[in-house]
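Colleague: the following block contains a protein sequence and its predicted model.
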Amino acid sequence: MATLQTKSAARMMMAPAVIALLIWMIVPLSLTLYFSTLNYNLFNPAETPFIGLMNYKFFLSDPAFLTALRNTLALVAGVLVITVGGGILLALLLDQEFYGVTIVRLLVIAPFFVMPTVAALVWKNMMMNPVYGVIGQFLNWVGIGAIDWFSNAPLTAIIIIVAWQWLPFATLILLTALQSLSEEQKEAAEMDGAGALSIFWYITLPHMARAITVVILIQTIFLLSIFAEIYVTTSGGPGLQTTNIPYLVYSQALLQFDVGGASAGGVVAVVLANIVAFFLVRLIGKNLDA
Amino acid sequence: MARAVSTRRKLTFTLIGWAVGLLVFFPVLWTILTSFKTELDAIALPPKWIFFDWTLENYATVQERSNYFRFMTNSIIIALGSTALGLIFAIPAAWAMAFSPTPRTKDVLLWMLSTKMLPAVGVLIPIYLIFRDWGLLDSRIGLVVVLFLINLPIMVWMLYTYFKEIPGEILEAARMDGASLWKEITHVLAPMSVPGIASTVLLSVILAWNEAFWTLNLTTSNAAPLTTFIASYSSPQGNFYAKLSAASTLAIAPMLILGWFSQKQLVRGLTFGAVK
Amino acid sequence: MRHVSYLAGCAALALAATSSAFAQETLTIATVNNGDMIRMQGLTDAFTEQHPDIQLNWVTLEENVLRQRVTTDIATKGGQFDVMTIGTYEVPIWAGQDWLVPLDNLGDDYDVDDLIPAIREALSKDGKLYAAPFYAESAMTLYRTDLFEAAGIEMPAAPTWDFIADAAKQISEANPDVYGICLRGKPGWGENMAFLGSMARSYGANYFDAAWQPQFESEGWKTAVAKYVEMMTSYGPPGAASNGFNENLTLFNQGRCAMWMDATVAASFVTNPDESQVADSVGFAPFPCGIENCPNQGANWLWAWSLAIPAGSQKAEAAETFISWATSKAYLELVAEKEGWSNVPPGTRTSLYENEQYISEAPFAEQTLAAINNADPSASADKPYVGLQFAAIPEFQGLGTAVGQQMAAAVSGSTTVEQALAAAQQTAVREMTRGGYIK
């Protein structure tokens, strides 16, 4: 089918997007690479001597670096588990017919409309605060007692906030996939006497496989750069318990105003993100060929 | 069996559905409720649910202090502008990848996504310098371009996965029937890709609407969208929950309304699988 | 667009030379979203009535966002702002880089000598004023007079930390709903480190010694942090490690705190009946001392939000006109007339504290002035840097925040005080070595 003509047509169609992104990638990245070899502090922009790989050495030898790397991965994994699991359950629920399903669907999607900084502020002050947060009040009422989230379980708290924001995305994508599953298929299976669980396991889940892949891939990209939620709630603490790579780069760039160090951190982050993406694709990439 | 949904089953799901929906929605609901409280009621213990003196004073204060509609207009222009630009670039690219795949298609896709991984804060200074030299600081066009580039990989990816679901046989069948290229597009492809495009547009608009790094750092006032509007209400000195809630409600309201309306469109579109 | 605004600027200058009446200029003013600035924004009309040729365009942002915005812009010469709101931390650094326009045309009736000397000193370099103070603060003790009375304790004129800890214990034991003490715990150089830097200094310890060696493992820091953690964990509110100024203010306003040591501006919020449930029963005392005759009598905190003009601005003249208006005596009177004396921006002018009406309407005035007058941020033989609760060197923001994280870890109990201070010292030595201060 793919004749020479359609091939060149395809190339023409892809060209604008590829070129635009190429420019967007190359220009900042090459500037970043260049800055990463300079001793360039924004407070002293007159002198920016070349210092080779010193910035990289400094960034990588930071004791915070390994902790940040671990936190970044834990954050991504935690949020993915909650959003994919919760997203599947919510999609199954919203696929049912019940009174007001349209409104409920909107309620579930709503968190996605909330800006990350606002979401973090609302959760921090009005939900999770151990004194006057709603969760604390509820736990007190039940008799468990309020949890001091940002001191005792800071990373968990941030995972909950971020997962809340991304749950709608997962639900929306998975619901779309679920609804394209034909009723006939399900009915045929029911005729064969298959139970609800085995229908889910052998028909529904495989059908959603590609959608799940999309959710995981796209979310991973966003989750690797989670920043606002940490910045608003814990500022990376207590200690380094919630410092991830983007927050570490931020502290170089906009607390230290160390452009050289931040650039080196940025380059390291890109390399790490690509490694993660590489393994991710090996792991689940086969779903994309379907 | 499954057709005849029993009333009991439906009621059970209604109960579960609403419980779960309200639970997920609760933080937003609480924000909206708080926006109608006085600052003192907003921090009252135990919390006041609905029995408080409802007031609009927070909205009045917010509107008096900052011209909400100017920020909202900027947000709309930036979100729609970057999405429209994104569609123009993404649809052909995704189309080509889905229907004329080459061995390298997947690599190109992954490469596109990888451009999103550079932490924004690490490239702020280079971008700021470029924007300064090109006179793009505090301009809507500058933000439209940046957000377009940021969201383009996601748009290509989403559209690609939707387009891939469209079976090639349908196209072939249409061709066999002697459909012209134009008919093929308008009668077969367009209806089938509408839901995918609609979801992609919704996602892109939301992401552009909520983007709070570039929009904050590259604007001053003329092009400032709602994210900067919010930044003037988060964490001031003194009690601020009620005013922040009012500002937040105003900032997310347009999106909620958009969601409400596109809901129908989305759901209708989502049933297209049944045709398959 | 840059060229356009440049041309417009030239045109405006040319016009100003011939006849200023026709030159319409718009000033873009970056400011913090604190109450006093928002009040100023609300008084825009009063300014434009006097100066019809100058329009004001406000960019009001949260403190952290504002700081990164204006710093990026001024360091890259982006030219987005005509007037910037900055603090006593930025002024000496920026003035040293020649990034600010010296303010020497504030007008005949500005009375620059009326500025409180400590504040004026903090905003000047080589005798020239580089930013005009809008409001200023030091630190003090706020406490609940009703709870103290009920417990039969009297707040001394110069409290010590030992006394405070003991009072916190007694009051929290007697009142299960009240936390004996509320202090900042949220990590950040301007959050918990502003408090801890002051507290350490009240034990005689600084951030760096004369040779720029970080001092976090000194005796003073160890005693101070141990005391702080002990008070916070035993008598402080839950979640103390993420409480900043605002969270503590909320707790205090709800009547949940017996004592609170923080910025003097807190006083006008907790005594405002519209915001506070305990407005009638707040007392004020100096910031506590750790050792006998502690430096500056405990007042180891000085901050002034100030207005400055970036160098290279095309609208410096109009900007200076505005700054002169916003920091003048007449502005204080204007606010007093509209909102009452207790709401005028505090801490900048000596004459305000000689105004009897202000003293009678603002119960905290005396204590505020005493704290500001006691604070002396200048460098000295054993303290090579300017600043008290901060050190005015570019490295301090990042360093202070990293140290603040360690302190928060100690409060939340995930590390011990010794471990936290050792980690803080290690980070600080690393950053100072990189900055070239120490070998």
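Modeller: Done, it's in.

Colleague: and the pLDDT at the nearest residue to C:His51 once chain neighbours are set aside?
Modeller: Of all residues not flanking C:His51 in the chain, C:Thr321 sits nearest, at 6.2 Å (Cβ to Cβ, 6 or more residues apart in numbering or on different chains). Using the backbone N, CA and C atoms, a C-beta is placed for each residue, glycine as well. Here, the pLDDT recorded for C:Thr321 equals 95.

Colleague: tell me what the strand or helix carrying C:Thr321 is packed against?
Modeller: Using DSSP states H and E, C:Thr321 falls within helix C:316-326. Counting contacts by 3 or more Cβ pairs under 8 Å, 6 or more residues apart in numbering or on different chains; DSSP states H and E, helix C:316-326 packs against strand C:25-32, helix C:44-50, strand C:54-61, strand C:83-86, strand C:132-137, strand C:303-308.

Colleague: after that helix comes which helix or strand?
Modeller: Using DSSP H and E, the first helix or strand after helix C:316-326 is helix C:329-339.

Colleague: centre of the chain to that following helix, how far?
Modeller: Centre-to-centre, helix C:329-339 and its host chain are 22 Å apart (Cα atoms, centre = their mean, to the nearest Å).

Colleague: with stretch B:232-249 instead?
Modeller: 23 Å.

Colleague: what's around C:Glu247, how many residues?
Modeller: 23 (other Cβ atoms under 10 Å in any protein chain shown).

Colleague: now do whatever helix or strand it lives in, average pLDDT.
Modeller: Using DSSP H and E, C:Glu247 maps to helix C:245-253. The pLDDT scores in helix C:245-253 average 89.

Colleague: likewise for stretch B:77-96?
Modeller: Taken as a whole, stretch B:77-96 has a mean pLDDT of 92.

Colleague: tell me, what's the model's pLDDT at C:Leu100?
Modeller: 96.

Colleague: correction: the previous question concerned A:Leu94.
Modeller: 89.

Colleague: let me see the contact set for it.
Modeller: Going by Cβ atoms under 8 Å, 6 or more residues apart in numbering or on different chains, A:Leu94 touches A:Val101, A:Val104, A:Arg105, A:Val108, A:Thr171, A:Leu175, B:Gly17.

Colleague: does whichever strand or helix holds the last one come close to chain A?
Modeller: I take that to be B:Gly17. Assessed by DSSP H and E, B:Gly17 sits inside helix B:7-34. Yes: counting by Cβ under 8 Å from any Cβ of the partner chain, chain A has neighbours in helix B:7-34: B:10-11, B:13-14, B:16-18, B:20-22, B:24-28, B:30-31, B:34.

Colleague: for the closest residue in space to C:Leu147 that isn't next to it in sequence, give me the backbone phi and psi.
Modeller: Closest residue to C:Leu147 apart from its sequence neighbours, by Cβ to Cβ, 6+ apart: C:Ala258 at 4.9 Å. Backbone geometry at C:Ala258, expressed as degrees, to the nearest 10, gives phi -90, psi -30.

Colleague: ramachandran angles for the residue nearest to C:Val335 when sequence neighbours are not counted?
Modeller: Excluding the flanking residues, the one nearest C:Val335 by Cβ to Cβ, 6+ apart is C:Val344, at 4.6 Å. Backbone geometry at C:Val344, expressed as degrees, to the nearest 10, gives phi -70, psi 150.

Colleague: what is the burial count for C:Val344?
Modeller: 26.

Colleague: quick one, what contacts it?
Modeller: Counting by Cβ under 8 Å, 6+ apart, C:Val344 touches C:Leu332, C:Val335, C:Ala336, C:Leu352, C:Tyr358.

Colleague: relative orientation of the helix holding C:Thr321 and helix C:329-339 in degrees?
Modeller: 50 degrees (axes from the mean of the first three to the mean of the last three Cα atoms, to 10 degrees).

Colleague: as PDB, could you dump the C-alpha coordinates of helix C:316-326?
Modeller: Extracted in PDB, the C-alpha atoms of helix C:316-326 (Å, rounded to 0.1, in the frame of the first residue of the first chain):
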ATOM      1  CA  ALA C 316      13.200  56.800  35.800                       C
ATOM      2  CA  GLU C 317      11.900  60.300  36.400                       C
ATOM      3  CA  ALA C 318       8.200  59.300  36.600                       C
ATOM      4  CA  ALA C 319       9.200  56.300  38.600                       C
ATOM      5  CA  GLU C 320      10.900  58.400  41.100                       C
ATOM      6  CA  THR C 321       7.900  60.700  41.300                       C
ATOM      7  CA  PHE C 322       5.800  57.700  42.100                       C
ATOM      8  CA  ILE C 323       8.200  56.200  44.700                       C
ATOM      9  CA  SER C 324       8.400  59.600  46.400                       C
ATOM     10  CA  TRP C 325       4.600  59.700  46.700                       C
ATOM     11  CA  ALA C 326       4.200  56.100  47.900                       C
END
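
Colleague: let me know the secondary structure of A:Pro130.
Modeller: coil (DSSP: H, G, I helix; E, B strand; the rest coil).

Colleague: isn't it right next to C:Ala240, touching?
Modeller: No: counting by Cβ atoms under 8 Å, A:Pro130 does not reach C:Ala240; the two are 9.4 Å apart.

Colleague: phi, psi for C:Pro310 please.
Modeller: Backbone torsions for C:Pro310, taken as degrees, to the nearest 10, come to phi -70, psi 140.

Colleague: quick check: it vs chain B, distance?
Modeller: Counting by Cβ to the nearest Cβ, to the nearest Å, the gap from C:Pro310 to chain B is 13 Å.

Colleague: what's across from that residue in the sheet?
Modeller: With DSSP bridges as the criterion, C:Pro310 is bridged to C:Leu100.

Colleague: gap between the residue of the stretch 51-200 of chain A at minimum distance from chain B and B:Thr161?
Modeller: At 2.5 Å from chain B, A:Ser180 is the closest residue in the stretch 51-200 of chain A, using Cβ to the nearest Cβ. To B:Thr161, A:Ser180 is 12 Å away according to Cβ to Cβ, to the nearest Å.

Colleague: more neighbours: which of the two?
Modeller: B:Thr161 (24 against 20).

Colleague: spatially nearest residue to whatever residue of the stretch 51-200 of chain C ends up closest to chain B (excluding sequence neighbours)?
Modeller: As assessed by Cβ to the nearest Cβ, chain B sits closest to C:Thr60 within the stretch 51-200 of chain C, at 4.1 Å. Spatial nearest neighbour of C:Thr60, excluding adjacent residues (Cβ to Cβ, 6+ apart): B:Ser232 at 4.1 Å.

Colleague: residues in contact with the residue of the stretch 51-200 of chain C closest to chain B?
Modeller: Shown in contact with C:Thr60 (Cβ under 8 Å, 6+ apart): B:Arg65, B:Ser66, B:Ser232, C:Thr31, C:Val32, C:Asn33, C:Met37, C:Ile38, C:Gln41.

Colleague: before we move on, what about C:Pro363?
Modeller: Residues near C:Pro363 by Cβ under 8 Å, 6+ apart: C:Ala267, C:Thr271, C:Val282, C:Phe284.

Colleague: Three-state assignment for it, please.
Modeller: C:Pro363 - assigned by three-state DSSP - is coil.

Colleague: check the spacing between it and A:Val267 real quick.
Modeller: 56 Å.

Colleague: so what's the residue count around the residue of the stretch 1-150 of chain B found nearest chain A?
Modeller: Closest to chain A within the stretch 1-150 of chain B is B:Gly122: 2.4 Å, counting by Cβ to the nearest Cβ. Using other Cβ under 10 Å, B:Gly122 has 30 neighbouring residues.

Colleague: try the one 10 residues further on
Modeller: If you count neighbours by other Cβ under 10 Å, B:Arg132 ends up with 18.

Colleague: with adjacent residues omitted, what lies nearest to C:Ala285?
Modeller: C:Thr141 (4.2 Å).

Colleague: dump the residue contacts of B:Lys164.
Modeller: If you count contacts by Cβ under 8 Å, 6+ apart, B:Lys164 has them with A:Arg210, B:Ala98.
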